[in-house]
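> Quick one, fold the following:
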Amino acid sequence: MRLQINYFRPLTLVAKKKKGGKMNKNIYFNKEHEQVRKAVRDFVNKRINPFVDEWEEKGIAPLHELFKEMGDLGFLGIRYDPKYGGEGLDYWYETIVLEECARIKCGGIPMAIAVQTNMAIPAIDEFGSEYLKNTYLKAAIKGDMVGAIAVTEPDAGSDVAALKSYAKKDGDVYILNGSKTFITSGTQADFLTLLARTSDEPGYHSFSLFVVPTDLPGFKISKKLDKLGMRSSDTAELYFDDVPIPKENLIGQEGEGFVYQMQQFQHERFAVLPLSYVGAEDLIRETVEYLRKRIVFGKPLIAKQVLRHRLVHWLSQIESLRQLCYHIVRLKMAGQDVTREISMGKLLGGDLLNEVTDGCLQMYGGMGFMNEMRISRAYRDAKLISIGGGASEVMSDILAKLEGF
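Got it, this is the predicted structure:
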């Protein structure tokens with residue numbers, strides 16, 4: 001299938017037409033923000049949602065075609081420097097894009113998009129050389145390359161410091177050996193932002209971050225993984241056998257990769273917040289419509305007080321998470337460290353989305369157990385939100401340390 005672009009304008013035309021703008025009833029977003037929101041929502045409704053069932057069934061989405069169209073429209077480089085093909089907009093615009101991607105009728109595609117924009121390229125943008133920015137950042141923003149983040153290994157998930165993959169410097173190259181697993185977009189990626197050990201010394205300054213093209217000799221896709229949820233997003237186990245990484249592909253300074261990756265995690269974990277509160281709210285609205293139509297003992301199920309109370313309790317939690325997200329955006333705009341608040345949001349978002357999908361599925365009764373229902377897909381997809389990118393338990397540990405206990 002070839003995606004066609006014929007009725008969307010690039011973001012530069014709608015977001016930069018004039019500065020400022022009259023505020024609408026929403027105190028956070030002005031007219032230009034809402035124009036971008038409409039553009040992304042139209043794209044999601046016309047170019048993604050009609051194909052979600054097909055991609056879920058196949059277990060993969062055509063990311064090169066999809067990302068190329070998104071790149072042409074400016075969606076992949078919303079906050080990145082125009083010098084590298086980005087739109088040069090702020091974190092409010094990034095939040096809008098993430099919120100509207102959360103309206104995709106599955107979890108796998110929003111996750112793949114977030115990997116491209118918030119996981120594979122932030123470190124290249126912040127710490128990479130001009131060569132890396134012009135070669136990989138620009139291509140990822142344009143949608144000419146699919147990127148992936150390669151950190152997790154079979155014996156090193158949340159414990160990043162336990163990584164065993166080793167890149168040994170040998171003249172003008174680093175020779176990489178090892179493996180990575182649970183790599184989102186791993187079967188389609190053109191490059192990996194990969195963390196590997198470069199020293200046997202103890203401590204966190206023994207790791208380096210690289211851009212690894214997947215066409216290098218010695219790179220192998222060991223297998224495509226079969227997952228409980230996120231079915232439309234391909235996930236792979238990767239193997240590296242004497243892969244020669246050009247020294248120019250080192251991001252920043254050798255030995256500082258762990259630090260770079262910890263900072264990159266904040267972009268990744270932030271993306272979870274809009275995906276959680278928008279996704280949960282959409283599911284509640286759909287569930288309410290089902291409960292209005294479902295007649296039990298002569299009355300619609302929505303008449304049950306216990307269900308109404310449960311639903312509004314979740315909506316209250318969703319609104320709290322949304323406001324935490326917007327608070328984080330304000331802090332980011334002010335240049336503040338948001339590790340604490342993002343960790344809280346990631347923890348709350350994963351737990352809340354799992355609670356909502358589980359509770360809503362229960363309200364559907366037997367129909368909720370059927371794979372044909374979106375709630376069953378959402379129930380399966382939600383589990384990864386509290387596992388991937390730092391499990392809820394890891395977020396709790398981080399917060400405990402930040403609080404000094």
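> Nearest the middle, which residue of the protein would you pick?
Ala114 (2.8 Å; CA atoms, centre = their mean).
> pLDDT averaged over stretch 216-223, what's the number?
Taken as a whole, stretch 216-223 carries a mean pLDDT of 98.
> Okay, buried residues for that stretch please.
Of all the residues in stretch 216-223, those buried under the rule 16 or more other CB atoms under 10 Å are 216, 219, 221. (Each C-beta comes from the backbone N, C-alpha and C, glycine too.)
> in the stretch 201-350 of the chain, which spans are strands?
Listed in chain order, the strands of the stretch 201-350 of the chain (DSSP state E, counting those that start in this stretch) span 207-213, 219-224, 235-246, 250-251, 295-296, 299-300.
> just the stretch 51-200 of the chain next, same as before
147-150, 166-170, 173-184, 191-197.
> hang on, the residue nearest to the centre of the chain packs against Phe270?
No: no contact is recorded between Ala114 and Phe270 when judged using CB atoms under 8 Å, the distance being 9.4 Å.
> where does the chain have low pLDDT?
Along the chain, the model assigns pLDDT under 70 to residues 1-26, 157-158.
> which helix in it runs the most residues?
Using DSSP state H to assign secondary structure, the helix with the most residues in the chain is helix 257-293.
> Show me which positions of that one end up buried.
Within helix 257-293, the residues scored as buried using 16+ other CB under 10 Å are 257-261, 264-284, 286-288, 290-291.
> Pretty sure Arg294 sits against Pro300.
Yes: assessed by CB under 8 Å, Arg294 is found in contact with Pro300 at 6.4 Å.
> distance from the centroid: which residue in the chain tops it?
Among the C-alpha atoms of the chain, the one most distant from their mean position (CA atoms, centre = their mean) is that of Gly298, at 43.9 Å.
> Please determine how far that one is located from Met367.
In this view, Gly298 and Met367 are 19 Å apart by CB to CB, to the nearest Å.
> Also Gly359?
From Gly359 over to Met367 (counting by CB to CB), the distance is 15 Å.
> if you count what's nearby, which of those two comes out ahead?
More crowded of Gly359 and Met367, by other CB atoms under 10 Å: Gly359, with 18 against 14.
> For the more buried one, which non-adjacent residue is spatially closest?
Closest residue to Gly359 in three dimensions, ignoring its sequence neighbours and counting by CB to CB, 6 or more residues apart in numbering: Arg310, at 6.2 Å.
> Near that neighbour, how many other residues are there?
Residues lying near Arg310 (other CB under 10 Å) number 18.
> about what we covered before: turn the strands of the stretch 51-200 of the chain into a markdown table, including distance to Ile27 and mean neighbour count.
As requested, those are exported to a markdown table (distance: least, CB to CB, whole Å; neighbours: other CB atoms under 10 Å):
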| stretch | distance to Ile27 | mean neighbour count |
| --- | --- | --- |
| strand 147-150 | 34 | 28 |
| strand 166-170 | 48 | 17 |
| strand 173-184 | 35 | 21 |
| strand 191-197 | 36 | 26 |
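> Leaving out chain neighbours, which residue sits closest to Cys101?
Pro110 (4.5 Å).
> Could I get the contacting residues of the one you found?
Contact criterion CB atoms under 8 Å, 6 or more residues apart in numbering gives 98, 101-102, 104, 275 as the residues in contact with Pro110.
> so who does the residue nearest to Ile302 when sequence neighbours are not counted touch?
In space, and not counting its chain neighbours, Ile302 is closest to Leu291: 4.0 Å by CB to CB, 6+ apart. Neighbour list for Leu291: 300-302, 307, 363 [criterion: CB under 8 Å, 6+ apart].
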